[in-house]
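> This is a predicted model, with the sequence first.
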Amino acid sequence: MTSEDSVRTDFGFDYFDDLKATGYRGYRKDGNGDDNYLPWEAGREFCEQNNVKSANDWGCAKGYLVEELIAAGVDAVGYDVSEYAVEIARENGLPCEVMGYEGAADGRGREVDANFSLGSLMYVEEDQIPAVLAGLRRLTRRYLLASIFYEGTRQDLPDVWRKTTRPKEWWREQLADAGFVFEREEPMFDVFSVK
């Protein structure tokens, strides 16, 4: 790997869909879950069971969760740093915007019942995590649903571009400091409520 490859900034075709590159190697709606239980199905079910009316998906990629939530009647918007993925989401008529977690840190996201962060907080620099989590707290009325590849978690495809890979306890402490209360682990994400 060259030094140019060591810091990913675009999260484009090569990351999502190039079958020979390091990344998802084909990011599809029907193939990004565990044991055929997909995160967007889990998100929809959570929102239906908990009367969630509005949600943001941080790191929305191609908008699969946003699409599922809208179909269930949730006012949902997605944010991602990938122009490539957001363009695909928009081509499919989904309300997704090019914006990373700095948007949460500086208050540019929407205040909603639930914020989803499925597998994307690890791409934030560690020294920016407190500001990002504080921003997410300000934008969260009820729930933060987060899946984080904790240090030591088995990964099918290693991702050298993750910037913050820490133990579960470290993440939970950061989230508690930001005003989130850990409630429970679900198959696709951990559930945090607000203090």
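Here it is on my side, so go on. Residues are numbered from 1 along each chain as shown.
> Wasn't Ser193 part of a strand?
Yes. Ser193 forms part of a strand when assessed by DSSP: H, G, I helix; E, B strand; the rest coil.
> burial of it, as a residue count?
By other Cβ atoms under 10 Å, the residues close to Ser193 number 15. To be clear about C-beta, it is placed using only N, CA and C from the backbone, and glycine gets the same treatment.
> Now for it: which residues touch it?
The contact partners of Ser193, taken as Cβ atoms under 8 Å, 6 or more residues apart in numbering, are Arg142, Tyr143, Leu144, Phe180, Val181, Glu183.
> what do you get if the cut-off is 7 Å, keeping everything else the same?
Residues in contact with Ser193, defined by Cβ atoms under 7 Å, 6 or more residues apart in numbering, are Arg142, Tyr143, Val181, Glu183.
> Tell me the spatial nearest neighbour of it, not counting adjacent residues.
Excluding its sequence neighbours, the residue lying closest to Ser193 (Cβ to Cβ, 6 or more residues apart in numbering) is Val181, at 5.0 Å.
> Three-state assignment for the one you found, please.
Of the three states, Val181 takes strand under three-state DSSP.
> Same check on Ala114?
Following three-state DSSP, Ala114 is assigned to strand.
> Across the sheet, point out what pairs with it.
Beta-bridge partners for Ala114, by DSSP bridges, are Ala55, Tyr143.
> Relative to Gly135, how far out is Gly107?
Taking Cβ to Cβ, to the nearest Å as the measure, Gly107 falls 6 Å from Gly135.
> typo on my end, Glu173
Separation of Glu173 from Gly135 (Cβ to Cβ): 18 Å.
> quick one, which of the two is more surrounded?
Gly135 (21 against 12).
> can you confirm that one is in a helix?
Yes. Counting by three-state DSSP, Gly135 falls inside a helix.
> That one against Gly100, yeah?
No. Between Gly135 and Gly100 there is no contact under Cβ atoms under 7 Å: 11.3 Å.
> so Glu183 makes contact with Val191?
Yes. Between Glu183 and Val191 a contact is recorded at 4.5 Å, counting by Cβ under 7 Å.
> who has more neighbours, those two?
The neighbour comparison of Glu183 against Val191 (other Cβ under 10 Å) goes to Val191, with 18 against 12.
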